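Q: show me how the following folds:
(chains A and B)
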Amino acid sequence: MSDTMRIDVTVNGRLRTIEVAMHHTLLEVLRDDIDLTGTKECCVVGECGACTVIVDGRSMNSCLMLAVEVDGSEITTVEGLATEGHLSRLQESFLDHGAAQCGFCIPGQLMSAYALLQSNPDPTADDVHEALAGNLCRCAGYQQITEAVLAAAEEGKR
Amino acid sequence: MTMSTVGKSAHRIGGFNRVTGLQEYVADLKMHDALHVQLVTIDCAHARILAIDSSKAEEVPGVRFVMTAADLPQPVPRFGMQYQDRPVIADGEVNYHGEPVAAVAAETKDAAEEAALLVRVDYEELPAVLSIADALDPSSPLVQDPSIRVPGPLAETNILCEYHFGWGDVDAQRADLVVENTYEWPMQTHFAIEPHGFLAAPDGDGVAVWSSIQHPYQLQKTVARVVGLPLAKVRVFAPDPGGGFGGKQHSKLEPLLAFMALKAGRPVRLILSLEETFQLVRRASTEIHVRTGFKSDGTIVFQDFVNNYLGGAYADTADRITAKSGYLSAGPYRTPAVRILARAVLSHTTPVHPYRGFGIPQVSWAREMNLDEGALALGIDRLEIRLRNLAKYGEEFVPSDTPADGDWAETVRKAAEEIGWGTPLSEGRGRGIAIGVKSGPTTGLSFATARFLADGSVLVYSGTSDMGQGARTIFAQIAGEELGVPLSQISVVMGDTAVVPYDQQTSASRSSVLMGNVVLDACRDIQRKIRAMAARIHGIEESEIVVDRGVVRLPDGERPIVDVLKEGLGRMGGELVGNGESRKDAVPEHPLGGTAAFFEFNCTACDVEVDPETGETTVLRHVTVGDVGLALNPAQVKGQDEGAAVMGLGHALMEHIITDGEGRVRNLGAIDYRIPTSKDLPVEFISKTVENADGPGPYGVKGISEGSLLCTAPAVASAVRDATGAVIRDLPLSPERVWRAMKEQEQA
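A: As a prediction, the model looks like this:
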């Protein structure tokens, strides 16, 4: 029915070879083909950030990328943040600061924050607001999310 | 008091799953063999459907069937929260932009999407009723055929409902000043980040439905009635919604999905796009005309309201919102005479659903702005005029209703103090203050079960939906407190009508209070059984034993409840089961059918700066103070309070649904409908509480989840006026609107 292509992609450290529809987005392939539903779908036009993942070190809206574009790439999703059942510093900090309310935007917030801390380990509150401006939270827990990111950064310096 | 968990910012129960991506929302559920559903709509607000040709769609490989009204029982079943007027799918007519006319079921999402575009709908566009003025014009077409209206004098009009509230004689009052204005509030959308999602599947000789829903038990009732099944044969699963804000209260497309699942004999799934979600339900827009009468010292002598609410094509919740918010139009002010006409009209627009605040932000906008006008005209300080008229603790400010249930002046003074009321501001800046008050639930019926297991861990069963407010955590804290069990050993089960007992609904900031009391009651039931157990073990009378807050007090000492449990259950183990139940009964003679369980009371104050070149408003400092009774979990209170305030800022400054002249929504989706981002936070954000432990919930809690958006818009508009002199009576306070108002002010 539709053209497909085989891609090799490393997701959360695991190399996968998968046949994807040419027109399917990375978001669709993550959620529907490899059952990683932690990455969320909301606006599908790159405005809400719920689908944010890390592609080769950069935060991307997975709804705006075709899956075929990530052939040969390394991807980290929210499921890849914890290691062997242990939450990352950032995830712990989100819990400590009550940053997750309904939780639907949180995977995207975490991935944007992760990308920020990779490139800027010592951000200011303004840096956090800027880096996470593309991640909508209708519970509007922005203050707690910012506090969580700053606290995680602070702890990372110790 | 030996409070061990209450009043502490315990980690959210369910937090782990939320930060790891493991939390399963409706769209994340994997259903073996499910068909994908795609809706078919037409780009038109009002039309007669002449023919639907699905033959091309059915040729698409993988398409199983296309469902239209013709495939449903005839007449097409209708449903609704108050009026049974919404058809399962468009029945001969489209009555609002986006109303589904057909639904495709296919093996893949791609096939369903492709086929939906191939369903050919022939239709004749009809004149649409789009505004309050249109609806009230007797020459306008009727939005609803009288045959589906409630018989009576309104059945042949576009007026859905009309209420007259009030007390005293407005016309007999002698006022030194009367201020009279009309204030408008636009349509807005809830914009939960999780779009609505629905699944249905045959379940033995019944049906199972999954929905992102706040009221699973109301959904069960609706599906059972529409499909024709006993309640026990309709199982509703309600995974935690990814945000609700009122938008996920009542049934929408679930009846359609249930019919499709039964037809297919297989599961069906429909996950809406954000655009489709915008077209499903919306907030009521309003035009409120208010006359406020003052004595020269600022005392309010009358308030006279004509509130018009623009409802949609189907009643949904428009009537109740009109009644409940209209009833409290006069706010928390002592007023000798009040007259309120609250009316909702039908129109060819999206149906009106509850929205955080339930109409109160709209009435507060009108009342508080008019109060400012009075203060300005009389030369009285805006804070002072509010304090002068504010109801005192225990005062019956609405005759025959619940008296003021808090020290409200304390709340207002605290907000004034935090903002530094009276301190000077630099040029181009302004300060505003406003008050909001909302009735909590007027009726309630909730059940809960707690199971104290043999190892001392606890299961709590509750029909509340945890949509971000953190209900699970609150109930666990209560159970932990009463049974002396750490939160790590408590699980709270929700979201399955075959497992958890009945709860009326999750709305009106009720759950910490009403369901909280029921969980408390279930734990007390267990405590009674523990007492009997302890009497047996120690060979003493029950009357000699007190069980309280995790401890069994015996004549000669204390034991933890858990120790008594383990000894009492013995080698066989097992469990103790506690049941809780509470009802807040209806009061038939009350205009709303019941008194307020509590009031949510908030005072908001802010400092803004307005850019004279662009009209852009920056909130420099934002203060919200809520009377919360007691913050059972301070971190969650802060999250809800700040979240509501930011949402309120969105409504005040940027949000509105835009329709064209034919009633088509023109800003569907996240690009064109803007909500606050992290960059829209106030520069300084201060969220405070007043806690006198005087609420009706466990340990004195009140509901808190709406308070800080009840009066955001008037506080901000008041500050904008203070900064610029610009008088604005409709929302949002977009840069363009503020800029224009500033120019008009300059010219005047």
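Q: show me the contacts for the residue lying closest to B:A645 once chain neighbours are set aside.
A: With sequence-adjacent residues excluded and distances taken as CB to CB, 6 or more residues apart in numbering or on different chains, B:A645 is closest to B:S708, at 4.1 Å. (C-beta placed from N, C-alpha, C; glycine too.) For B:S708, the contacting residues are B:N602, B:T604, B:T624, B:G626, B:D641, B:E642, B:A644, B:A645, B:G648, B:S687, by CB atoms under 8 Å, 6 or more residues apart in numbering or on different chains.
Q: dump those residues into JSON lines; add pLDDT and neighbour count as well.
A: Listed next are the contacts of B:S708 as JSON lines, based on pLDDT from 0 to 100; neighbours: other CB atoms under 10 Å in any protein chain shown:
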{"residue": "B:N602", "pLDDT": "98", "neighbour count": "34"}
{"residue": "B:T604", "pLDDT": "98", "neighbour count": "32"}
{"residue": "B:T624", "pLDDT": "98", "neighbour count": "30"}
{"residue": "B:G626", "pLDDT": "98", "neighbour count": "34"}
{"residue": "B:D641", "pLDDT": "97", "neighbour count": "25"}
{"residue": "B:E642", "pLDDT": "97", "neighbour count": "24"}
{"residue": "B:A644", "pLDDT": "98", "neighbour count": "29"}
{"residue": "B:A645", "pLDDT": "98", "neighbour count": "31"}
{"residue": "B:G648", "pLDDT": "98", "neighbour count": "30"}
{"residue": "B:S687", "pLDDT": "97", "neighbour count": "21"}
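Q: tell me the contacts of the residue in chain A that chain B sits nearest to?
A: Nearest residue of chain A to chain B, counting by CB to the nearest CB: A:G38, 1.9 Å away. Counting by CB under 8 Å, 6+ apart, A:G38 touches A:T77, A:V78, A:E79, A:P107, B:T20, B:G21, B:L22.
Q: that one belongs to a helix?
A: No. Using DSSP: H, G, I helix; E, B strand; the rest coil, the secondary structure at A:G38 is coil, not a helix.
Q: so what's it scoring on pLDDT?
A: Predicted confidence (pLDDT) at A:G38: the value is 98.
Q: with adjacent residues omitted, what lies nearest to it?
A: B:G21 (1.9 Å).
Q: residues near the one you found, how many?
A: 24 (other CB atoms under 10 Å in any protein chain shown).
Q: give me phi/psi at the residue of chain A closest to chain B?
A: phi -60, psi -30 (degrees, to the nearest 10).
Q: next, the contact list for the residue nearest to A:G38, please.
A: A:L36, A:T37, A:G38, A:T39, A:T77, A:V78, A:E79, A:P107.
Q: for the fourth one, give me its contacts.
A: So that's A:T39. A:27, A:30-31, A:50-53, A:62, A:77-78, A:107-108, B:21.
Q: among the residues you listed, which are in strands?
A: A:T52, A:V53 (DSSP state E).
Q: can you say which of the contacts of A:T39 are buried?
A: A:27, A:30-31, A:50-53, A:62, A:77-78, A:107-108, B:21 (16 or more other CB atoms under 10 Å in any protein chain shown).
Q: need the strands for chain A, in chain order.
A: Using DSSP E, strands in chain A cover A:4-11, A:14-21, A:52-55, A:58-61, A:74-76.
Q: which of those is buried the deepest?
A: Comparing the strands of chain A by mean neighbour count (mean count of other CB atoms under 10 Å in any protein chain shown), strand A:52-55 ranks first with a mean of 25.
Q: centre of the chain to it, how far?
A: Remark: strand A:52-55 is offset 5 Å from the chain centroid, using CA atoms, centre = their mean, to the nearest Å.
Q: residues in contact with it?
A: A:26, A:30, A:39, A:59-62, A:65, A:70, A:73-77, A:107-109, A:111-112, A:114-115, A:134-135.
Q: ok, now stretch A:2-20?
A: By CB under 8 Å, 6+ apart, stretch A:2-20 touches A:21-23, A:29-30, A:33-34, A:36, A:67-68, A:70-77, A:79-80, B:110.
Q: please repeat the previous calculation with a cut-off of 6 Å.
A: A:A21, A:M22, A:V29, A:A67, A:V68, A:V70, A:D71, A:S73, A:E74, A:I75, A:E79, A:G80 (CB atoms under 6 Å, 6 or more residues apart in numbering or on different chains).
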